[in-house]
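Q: Just the structure for this:
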Amino acid sequence: MGKSSKILIGIIIVCAALVGVSIYTVKNYNNDKDKSAAENSLQNGTTENNVTKGTSLIKPNVIKTKAPDFKLKDLDGKELSLSDLRGKKVFLNFWATWCGYCVEEMPEIQKLYEETKDTDLVIVAVEIGEPLSEVKSFIDENKYTFKVLSDSDQSTVPKYEISGYPTSYFIDEDGNIISKVTGALNIDQMKSYIKTLDK
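A: So this is what the prediction gives:
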């Protein structure tokens, strides 16, 4: 093979390498751009359930599956089953005293309760993992008056596939879950989800 042929092959190899590097760079740039857009979307308050923080823009993912039944004690030690609430619309909220987002959401739930306590909506907040006495102390201290149940042994967690707190379920009069939201909601967002329970 002549010297000129070797030089030509060398040039071809270098050119091929440069093209490969260019394609790789462009591809990574586009991936980074897409990733950045997704991160900005999350930072601006968008969640997997299309809830935009601070607004009432709701596009719920309709689930419509039977809500698993459970029996837990309220703060007075009386048992309540979800099946006892059949025929009512239910806003079912799972929370914990140590969860900052839950604590921030509680006043919004109280506002909703005060506005809807004479309607066919029942608000049930299930505290996960703490002893009944500690839950009662927290609720009394903050003067919350909506229905609170204690699930100290976390029996509802696998039933409702809870992976974060707070998590809210919106259940219709027939006991069907219509929507699930993981993350704190404001009162306007709660009302929007409740409207989806209307037949």
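
Q: Assign the nearest residue to residue 142 once chain neighbours are set aside to helix, strand or coil.
A: Nearest-residue entry for residue 142: residue 106, 6.7 Å, with adjacent residues in sequence omitted and distances by Cβ to Cβ, 6 or more residues apart in numbering. C-beta here means a position set from N, CA and C on the backbone, and glycine is covered the same way. Of the three states, residue 106 takes helix under DSSP: H, G, I helix; E, B strand; the rest coil.

Q: Number of residues surrounding residue 106?
A: 22 (other Cβ atoms under 10 Å).

Q: what sits against it?
A: 95, 125, 142, 144 (Cβ atoms under 8 Å, 6 or more residues apart in numbering).

Q: which residues touch the last one?
A: With contact set as Cβ under 8 Å, 6+ apart, residue 144 has these partners: 106, 109, 110.

Q: Note down every partner strand of the helix or strand harbouring residue 181 and its orientation.
A: Per DSSP states H and E: residue 181 is located in strand 176-182. Strand pairing for strand 176-182, determined by DSSP bridges: strand 65-66 (antiparallel), strand 167-171 (antiparallel).

Q: Can you pull the domain assignment for the protein?
A: 1-44, 65-195 (automatic domain parsing).

Q: just those domains: most buried one?
A: domain 65-195 (a mean of 17; mean count of other Cβ atoms under 10 Å).

Q: pLDDT averaged over that one - what is it?
A: Here domain 65-195 scores 97 as its mean pLDDT.

Q: from here on, count from 428
A: Taking 428 as the first residue, the last one we looked at is domain 492-622.

Q: so what does the helix or strand hosting residue 617 touch, helix or strand wise?
A: Assessed by DSSP H and E, residue 617 sits inside helix 614-622. Helices and strands touching helix 614-622, as assessed by 3 or more Cβ pairs under 8 Å, 6 or more residues apart in numbering; DSSP states H and E, comprise strand 516-522, helix 527-543, strand 594-598, strand 603-609.

Q: As a markdown table, those with distance to residue 496 would be great.
A: Output for the helices and strands packed on helix 614-622, formatted as a markdown table (distance: least, Cβ to Cβ, whole Å):
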| stretch | distance to residue 496 |
| --- | --- |
| strand 516-522 | 12 |
| helix 527-543 | 22 |
| strand 594-598 | 11 |
| strand 603-609 | 12 |
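
Q: want to try a markdown table for the contacts of residue 571, with distance to residue 515 as columns?
A: Shown next, in a markdown table, are these (distance: Cβ to Cβ, whole Å):
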| residue | distance to residue 515 |
| --- | --- |
| 533 | 21 |
| 536 | 16 |
| 537 | 19 |
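
Q: Sort out which one of these lies nearest residue 601 for me.
A: For the contacts of residue 571, the minimum distance to residue 601 (Cβ to Cβ) is 23.5 Å, reached by residue 536.
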